[in-house]
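Visitor: What shape does this take:
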Amino acid sequence: MTAPTTVTREQILAAVEAGEEATIELLQELIRTPSVNPWFGDPAEISGEAPVQAVFERRLRELGADEIDVWEPSADELAHRADGPGYYPGRDFTGRPNVVARFKGTDPDAPAFMIQGHCDVVSVGSLWTEDPFGGARKDGKIYGRGTVDMKGGMAAALGGLAALKAAGVRLRNDLIIASVADEEAGGMGTLALVDRGYVAPLGTIVPEATDLNIAPLCRGILWGEVVLHGRAGHIELEKKPWQEGGAVDAIAYGHRLLDAIRAKNAEWAADPVKNHRYLPIPCQIHVAQIDAGEYPTTYASRCAIRFNAQYLPGQKDAHGLGSVVKAELEELFTTFVTDDDWFTANPPTITWLVDADCGETPDTEAVVQRTLAHAREVGIASDLQGCMSHTDMGLMIDSGSPTINFGPGHMGVAHQADENVEEADLLAATKVFALTIADICG
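Guide: Residues are numbered from 1 along each chain as shown. Predicted structure coming up:
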């Protein structure tokens, strides 16, 4: 019997560097395959996830996946999870599949390790100076929608696996690589993944952009809309709401609510429950959209304010969601006016749009410490730092998999014009993925 060949760290890193151009080319191909989530953008821009998932599937087959599972999630089939995170009734996944590959290790009884990322991106927006789906390569950067969030991270992970294959590494444990749909609108693709039984007891890395830090924490995100009700009337006349037909200005209520939100944010900033040692800023209520009024000559009968608020694992409810914070916000929205009969008789309408869960992995877990060690080993000044936005890690943790976020790029560049990732960061992340997979998978 031939003795197994020992593959050194230096051989793995050399294979990563030899494959750098192939990793960049894969990222460019992913960028040039639009995958805008249907939640966002003009219908003409929305492409769905199927085209880019076909790219992932092809590359996973080229890397020698032993099993590949491709399916479109179903809201009806996931209805039994309606009380937990990631479920949104009626969401359509036609042309929006998940793709999962399994690379079998030499020990069929050993637990699995997983790389789990999403393939959807937000809409393009405006003010780009580069083609958002061009994958341009300039001055050491690669440009395009999704370079940071998170096609760059997935390209690095696949580049790391390719390097292990090239170096002749044989893994003892199974490696699962999953590319899911719909993360940008709440995580239902990941819900379908865990519902299908994909579990990684050894741990999971979500390749979100962390600026090459190790993130064992992400915040939960609430999207909602509060509609303030008024009564239209001629704007150049006196408002007499107590008279029949008198006007009530919904925009005036809007001004007062914005003041109340500012005051509440000041309270949250000083509240330990709204802060975490791995986050530089507290949870806040951010106003994202305002829509009010009909004509320049009319008091507004309606003022709609859409907002984004965050919460931490310490405020998750029994179902893993943000109902505690929802109740706190509902109280704010219904009590910021106390001296107005019209407001009392016509209270705000509150609609919850998204509740994307949070998650935290103890920093003593192997996936945290080993990934951090390998990052520092290759010369990255990595530290433990939480994600200020939502990622899919909460659902993975709930499934029984200690989970972290790690990837190239800064999340502050995501969702912006000229989104880009540094080639040097992409290479560094690829090295960390290769070493961490080899280490944790034995």
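Visitor: pretty sure residue 400 is in a strand, no?
Guide: No. Read with DSSP: H, G, I helix; E, B strand; the rest coil, residue 400 is coil and lies in no strand.
Visitor: Can you report how many residues neighbour the nearest residue to it once chain neighbours are set aside?
Guide: Leaving aside its sequence neighbours, residue 400 sits nearest to residue 199 (Cβ to Cβ, 6 or more residues apart in numbering; 5.5 Å). C-beta here means a position set from N, CA and C on the backbone, and glycine is covered the same way. Other residues near residue 199 come to 16 when the count uses other Cβ atoms under 10 Å.
Visitor: Residue 199 touches residue 399, doesn't it?
Guide: Yes. Using Cβ atoms under 8 Å, residue 199 is in contact with residue 399, at 5.3 Å.
Visitor: In terms of pLDDT, where does residue 229 sit?
Guide: Per-residue pLDDT puts residue 229 at 97.
Visitor: for the stretch 101-250 of the chain, what spans make up the strands?
Guide: Under the criterion DSSP state E, counting those that start in this stretch, strands of the stretch 101-250 of the chain are mapped to 113-118, 137-138, 141-143, 175-180, 203-206, 217-218, 220-229.
Visitor: Including mean neighbour count, could these go into TSV?
Guide: Shown next, in TSV, are the strands of the stretch 101-250 of the chain (neighbours: other Cβ atoms under 10 Å):
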stretch	mean neighbour count
strand 113-118	27
strand 137-138	12
strand 141-143	22
strand 175-180	27
strand 203-206	28
strand 217-218	28
strand 220-229	21
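Visitor: any chance of those in TSV, with distance to residue 125 too?
Guide: Formatted as TSV, these follow (distance: least, Cβ to Cβ, whole Å):
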stretch	distance to residue 125
strand 113-118	19
strand 137-138	20
strand 141-143	14
strand 175-180	23
strand 203-206	24
strand 217-218	23
strand 220-229	18
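Visitor: can you tell which of these is closest to residue 54?
Guide: Nearest to residue 54, of all these, is strand 175-180, at 10.6 Å by Cβ to Cβ.
Visitor: mind checking how far the closest residue to residue 375 other than its chain neighbours is from residue 432?
Guide: Closest residue to residue 375 apart from its sequence neighbours, by Cβ to Cβ, 6+ apart: residue 382 at 3.8 Å. Counting by Cβ to Cβ, to the nearest Å, the separation of residue 382 from residue 432 is 8 Å.
Visitor: domain assignment for this structure?
Guide: Per automatic domain parsing, the domain ranges recorded for the chain read 9-218+358-440, 220-356.
Visitor: In the chain, where's the longest helix?
Guide: Using DSSP state H, we find that the single longest helix of the chain is helix 250-269.
Visitor: still on that earlier bit, overlap of the contact sets of residue 199 and residue 399?
Guide: Taking Cβ atoms under 8 Å, 6 or more residues apart in numbering as the contact criterion, residue 199 and residue 399 have no common neighbours.
Visitor: and residue 355, what element?
Guide: Using DSSP states H and E, residue 355 sits within strand 349-356.
Visitor: Paired strands for that strand, with orientation please.
Guide: Looking at strand 349-356 with DSSP bridges, its partner strands are strand 220-229 (antiparallel).
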